[in-house]
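> 3D, please:
(4 chains)
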Protein chains: 2
Amino acid sequence: MNRSKDVLSQSILFSGLPEQDIAALTAIAVEKPVAPGELIFSEGDPGDGFYVTLEGMIKVYKLSTEGKEQILHMFGPGEPFGEVPVFSGKAFPASAEGVKKSRVLFFPRKAFRDLITTNPSVAMNMLAVLSRRLRNFTIQVENLSLKEVPARLAGYFLLQAEEQKNPDTITLNISKGQLASFLGTIPETLSRMLRKMSEQGLVEVQGRIIRLLDRPGLEDLAEFGKMED
Amino acid sequence: MNRSKDVLSQSILFSGLPEQDIAALTAIAVEKPVAPGELIFSEGDPGDGFYVTLEGMIKVYKLSTEGKEQILHMFGPGEPFGEVPVFSGKAFPASAEGVKKSRVLFFPRKAFRDLITTNPSVAMNMLAVLSRRLRNFTIQVENLSLKEVPARLAGYFLLQAEEQKNPDTITLNISKGQLASFLGTIPETLSRMLRKMSEQGLVEVQGRIIRLLDRPGLEDLAEFGKMED
DNA sequence: AACAGTTTTTGACATAAATCAAGGAAACAG
DNA sequence: CTGTTTCCTTGATTTATGTCAAAAACTGTT
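Below you'll find the model as predicted:
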């Protein structure tokens, strides 16, 4: 039942690699189960390797001194995380833990760096992964600094609708509390905004199922962020 | 007077490259003067290459629909920028313009990708550059989401003191308005915070010269972000 | 079905920072 | 220098969102 090879050969990082290279990779990698809420690494840890999510979902986050959490990324199957220390030479800039029951694959730093120097296509894939992540960060900074919570929320819904390829209904794959943390706010505020959006007929909320009733309205909200009360 | 080679051979990206490779690089690159306020590229532009700052200072930023600006990075001599589209295949996620009279070097996408596939050490350097940038972004997100303006400002001062290797006096190399935009706030707020910090004896402000009078106090402020009025 | 635990919602209130408006200082060009 | 433009500061006010406290709605478990 070793599906790690399948996940890897499908992943952004290793797609296009010949069968035998994948085999060599799985040989140097260590698989690890992760329980919900279990810490994988902490901000400040040295970081002598990186991970690929095989199954489940991993969050990467920061905590304020008062305990507020900001989620930086959520990673599903096939997605690598924790690569920054491998190339920057510095410690993990954030912490990672499982959001649900998960499995991850750990790749030791040296073995992976060796692979990259001999295999330009892996290097190119890694560059693409990091570039895409930088892109996402620019959007996250833009959201936090230039947009208000309703606009971020509307943007999130529209993005999810695309990813879930369903233009008018999405299902949250994380709790509302986690969503609040991802959007840079707190559960109370998120709850209030959801109610407001419902009252205005933009969405209909049933637990984790969100029906998008007014896409033009949501698109407008995501861009201009104004909501008349 | 072609110092581009010198700047390149000193740069993070090309350090360690043999003389002849640097020469080959400058052969494919195009030098371009940039006036203060001159646009280099805009968010959404295709991006068929990236840049290295030779001289001066370049800012990369986002604008809100209402015109507020958030600066994402400031790049000085030797620093590359605009690489994301080269590897992600997508458009520029932000815009770039000169802050002062500058010179930049443009590298066409294809030539650079070719260089990387044949030259693992350049690939590794680029990975290091992108990783470091990701690191900075996590800090920026943390600042925007988990810290208040006084804490960000104190953190900025301490960072500058380090970079300028002078523990008790720093000189701003950008205007206060630009600093506000970098910290994710507006000039009015920045001005008020500076006054407050002066009143509390944390710093002394004389134009662009900031004297750090109370490092422990500033460090505390940067971490906990509380300032009694 | 009932319990303990968590997650979500709601209300009243506090506050950091944005906005609006205007005056002052500094930098720059002629 | 001297006028003009840009940058910076200050005050009064508004607003979005965080805080605190408590109730309500789920979740899964014996």
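
> Can you give me the end-to-end span of stretch A:29-47?
Terminal residues of stretch A:29-47 are spaced 15 Å apart (Cα to Cα, to the nearest Å).

> Which of the three states applies to the residue sitting nearest the centre point of chain A?
Against the mean C-alpha coordinate of chain A, by Cα atoms, centre = their mean, the closest residue is A:M74 at 2.2 Å. In three-state terms, and counting by DSSP: H, G, I helix; E, B strand; the rest coil, A:M74 is strand.

> Could you give me the buried positions within stretch A:210-225?
Buried residues in stretch A:210-225, counted by 16 or more other Cβ atoms under 10 Å in any protein chain shown: A:I210, A:L212, A:G217, A:L218, A:D220, A:L221, A:A222, A:F224, A:G225. C-beta: built from backbone N, CA, C; applies to glycine.

> same deal with stretch A:44-61?
A:47, A:49-61.

> Give me the contacts around stretch A:139-155.
Stretch A:139-155 is contacted by residues A:72, A:183-185, A:189-190, A:193-194, A:196-197, A:202, A:218-219, A:221-225, A:227, B:62-64, B:68, B:70, B:72, B:93, B:137, B:140-141, B:144-145, B:184 when judged by Cβ atoms under 8 Å, 6 or more residues apart in numbering or on different chains.

> sorry, back to before: and the two most separated of the buried residues of stretch A:210-225?
Within those, A:I210 and A:F224 form the most distant pair, 20.6 Å apart (Cβ to Cβ).

> Now do the strands in chain A.
A:30-34, A:39-41, A:49-55, A:58-63, A:69-75, A:80-81, A:95-98, A:102-108, A:169-171, A:203-206, A:209-212 (DSSP state E).

> contacts with DNA strand D among the contacts of stretch A:139-155, please.
Counting by Cβ under 7 Å from any atom of the strand, A:G184, A:T185, A:T189, A:M193 from these sit close to DNA strand D.

> pull the longest helix from chain A.
helix A:120-146 (DSSP state H).

> does that one come close to DNA strand C?
No - judged by Cβ under 7 Å from any atom of the strand, helix A:120-146 and DNA strand C are separated, with a smallest distance of 8.0 Å.

> From the chain's centroid, how far away is that helix?
Taking Cα atoms, centre = their mean, to the nearest Å, one finds helix A:120-146 lying 12 Å from the centre of the chain it belongs to.

> what stretches of chain A score poorly on pLDDT?
A:1-2 (pLDDT under 70).

> Domains in it, by residue range?
A:4-145, A:147-224 (automatic domain parsing).

> how far is the first one from where the chain is centred?
For domain A:4-145, the gap between its own C-alpha mean and the chain's C-alpha mean amounts to 10 Å (Cα atoms, centre = their mean).

> Tell me the span between the first and last residue of that domain.
Note: domain A:4-145 ends 39 Å apart using Cα to Cα.

> Quick check: phi and psi at the residue lying closest to A:R135 once chain neighbours are set aside.
Distances taken as Cβ to Cβ, 6 or more residues apart in numbering or on different chains put B:P93 closest to A:R135, at 4.8 Å, once the chain neighbours are dropped. The phi/psi pair for B:P93 (degrees, to the nearest 10) reads phi -80, psi -10.

> Kindly reformat the buried residues of stretch A:210-225 as JSON lines and extend each row with distance to DNA strand C.
Output for the buried residues of stretch A:210-225, formatted as JSON lines (distance: Cβ to the nearest atom of the strand, whole Å):
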{"residue": "A:I210", "distance to DNA strand C": "10"}
{"residue": "A:L212", "distance to DNA strand C": "16"}
{"residue": "A:G217", "distance to DNA strand C": "20"}
{"residue": "A:L218", "distance to DNA strand C": "18"}
{"residue": "A:D220", "distance to DNA strand C": "18"}
{"residue": "A:L221", "distance to DNA strand C": "17"}
{"residue": "A:A222", "distance to DNA strand C": "18"}
{"residue": "A:F224", "distance to DNA strand C": "12"}
{"residue": "A:G225", "distance to DNA strand C": "11"}
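
> Can I get these in CSV including distance to chain B?
As requested, the buried residues of stretch A:210-225 are exported to CSV (distance: Cβ to the nearest Cβ, whole Å):
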residue, distance to chain B
A:I210, 23
A:L212, 21
A:G217, 16
A:L218, 15
A:D220, 11
A:L221, 12
A:A222, 11
A:F224, 6
A:G225, 8
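
> Would you tell me which one of the residues you listed comes nearest to DNA strand D?
Comparing the buried residues of stretch A:210-225 against DNA strand D with Cβ to the nearest atom of the strand places A:G225 closest, at 7.8 Å.

> got a list of what the closest one touches?
A:G225 neighbours (Cβ under 8 Å, 6+ apart): A:K147, A:E148, A:P150, A:A151, B:T65.

> Of those, which pair is most distant in space?
A:P150 and B:T65 (13.8 Å).

> Count the neighbours of the residue in chain A positioned nearest to DNA strand D for me.
DNA strand D sits closest to A:E148 of chain A, with a gap of 3.0 Å, by Cβ to the nearest atom of the strand. Number of residues near A:E148 (other Cβ atoms under 10 Å in any protein chain shown) recorded here: 15.

> next one: the one 4 residues further on
Here the count is done by other Cβ under 10 Å, and A:R152 has 24 residues near it.

> what does A:M126 give?
By other Cβ under 10 Å, neighbour count at A:M126 equals 27.

> and chain A, which residues reach DNA strand C?
So chain A meets DNA strand C at A:S175, A:K176, A:G177, A:Q178, A:P187, A:E188, A:L190, A:S191, A:R192, A:L194, A:R195, A:V205 (Cβ under 7 Å from any atom of the strand).

> one more time with 10 Å, if that's ok
Within chain A, the positions lying close to DNA strand C (Cβ under 10 Å from any atom of the strand) are A:36-37, A:99, A:145-146, A:148, A:172, A:174-181, A:186-196, A:198-199, A:205-208.

> Would you mind writing the ChimeraX command to select the buried ones in the residues you listed?
The following ChimeraX line selects those of the residues of chain A next to DNA strand C that are buried, judged by 16+ other Cβ under 10 Å:
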select /A:99,145,146,172,174,178,179,180,181,190,193,194
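
> Go through the residues of chain A next to DNA strand C and flag which are in helices.
Using DSSP H, these in helices are A:145-146, A:176-181, A:187-196, A:198-199.

> what's the burial count for A:V84?
26.

> got the contact list for it?
Contacts of A:V84 by Cβ under 8 Å, 6+ apart are A:G47, A:K90, A:F92, A:P93, B:S131, B:L134, B:R135.

> still on that earlier bit, now do the buried residues in the longest helix of chain A.
So, applying 16+ other Cβ under 10 Å, buried residues of helix A:120-146: A:120, A:122-135, A:137-146.

> count of residues packed around A:E66?
Counted with other Cβ under 10 Å, A:E66 comes out at 9.

> And it, how far from A:I186?
12 Å (Cβ to Cβ, to the nearest Å).

> same thing with A:E228?
Taking Cβ to Cβ, one finds A:E228 at 24 Å from A:I186.

> go on, A:Q10?
36 Å.

> now swap in A:F106 and tell me
A:F106 is 33 Å from A:I186, by Cβ to Cβ.

> Repeat that for A:L127.
Distance from A:L127 to A:I186, by Cβ to Cβ: 36 Å.

> This completes my enquiry, with thanks.
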